[in-house]
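> Pasted the sequence and its predicted model underneath.
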Amino acid sequence: MYETKVVGVLGGMGPAATVDFYQKLIDATPAKADQDHLKVLIFSNPHVPDRTAAILTGGPSPLPVLITSAEVLARAGADFLVIPCVTAHHFHAALQQAISIPILHIVEETALEVLASDRAPGRIGLLATSGTLRTHLFENCFEPKGVTIVQPEAGIQEACVMPAIYGVKHGEGLQEPRRLVRQAALHLQDRGAEAIIAGCTEVPLILAANQIPIPLIDPTTILARAAVRRALADDTATSSGQASS
């Protein structure tokens, strides 16, 4: 049997989302014994500066810490990286330029999977940080293919989505964040969304598919599937997250 590639997980943004990704990576792996699972290196670094603050208010850039963390994983033997934080992908291009191993792109992988379906929705609601909304990460991947991304109205974003996400990050319990994020999802449905993207990796921790009447798209799960494919590939084919240079 050929040697599988080593998955490097640049995590800690936040730690619970990193745990969720790893569980989904395990679930996505076609394993019947311990020895069938992937080699995984996880660097959970919660000291990465807040990505949304950097984008919206000129807070400290997370890029230097992201680069240092990526280098730790590369030196440890990772063959490619994944980042279970959506907002951090605003810095993906600069980070990829700084390191020599590929970094899968959670938004690009999500668009590839969703748009490959014959029943891809025409309007998708987005539950994400305000930093992700500002950078139009999802719009840039989906809208050229004819899919409209529906953002929450500003009041809902400020009163429901951000408090829900940061409630999870702050360990304040899940009941209130779950209520708030479901309210925001139903708001997006009222605005014409035919499906919802859990566009922050904290969102799948508080919103399940059976809690809303329209489909829920989970980029964390999609990234896990993409990482499994990459790790198990026995050729030199590249994924959408491979550096283009």
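Cool, the structure landed.
> Which neighbouring elements make contact with the longest helix seen in the chain?
In the chain, with assignment by DSSP state H, the single longest helix is helix 175-190. Applying 3 or more C-beta pairs under 8 Å, 6 or more residues apart in numbering; DSSP states H and E, we find helix 175-190 packed against strand 123-127, helix 154-156, helix 162-169, strand 195-198. Any C-beta I mention is one placed from the backbone N, CA and C, and that applies to glycine too.
> how does it look with 10 Å?
Applying 3 or more C-beta pairs under 10 Å, 6 or more residues apart in numbering; DSSP states H and E, we find helix 175-190 packed against strand 123-127, strand 148-150, helix 154-156, helix 162-169, strand 195-198.
> Those into CSV, with extra columns for mean pLDDT?
Shown next, in CSV, are those (pLDDT from 0 to 100):
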stretch, mean pLDDT
strand 123-127, 98
strand 148-150, 98
helix 154-156, 98
helix 162-169, 97
strand 195-198, 98
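> can I get these in TSV with mean neighbour count?
What follows is the helices and strands packed on helix 175-190, written out as TSV (neighbours: other C-beta atoms under 10 Å):
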stretch	mean neighbour count
strand 123-127	25
strand 148-150	18
helix 154-156	13
helix 162-169	21
strand 195-198	26
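> Just send the ones you listed back as CSV, with distance to residue 16 too.
Output for the helices and strands packed on helix 175-190, formatted as CSV (distance: least, C-beta to C-beta, whole Å):
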stretch, distance to residue 16
strand 123-127, 16
strand 148-150, 25
helix 154-156, 23
helix 162-169, 6
strand 195-198, 14
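> for these, which one sits closest to residue 88?
Closest approach to residue 88 among those is made by helix 162-169 (13.6 Å; C-beta to C-beta).
> Return the distance of that closest one from the chain's centre.
Distance of helix 162-169 from its chain centroid, counting by C-alpha atoms, centre = their mean, to the nearest Å, is 16 Å.
> between it and strand 123-127, how many degrees?
50 degrees (axes from the mean of the first three to the mean of the last three C-alpha atoms, to 10 degrees).
> pull the CA atoms of helix 162-169 into PDB?
C-alpha atoms of helix 162-169 as PDB (Å, rounded to 0.1, in the frame of the first residue of the first chain):
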ATOM      1  CA  MET A 162     -22.000  37.700  15.600                       C
ATOM      2  CA  PRO A 163     -23.300  37.200  19.200                       C
ATOM      3  CA  ALA A 164     -24.000  33.500  18.400                       C
ATOM      4  CA  ILE A 165     -20.500  32.900  16.900                       C
ATOM      5  CA  TYR A 166     -18.600  34.700  19.700                       C
ATOM      6  CA  GLY A 167     -20.900  33.100  22.300                       C
ATOM      7  CA  VAL A 168     -19.500  29.700  21.200                       C
ATOM      8  CA  LYS A 169     -15.900  31.100  21.100                       C
END
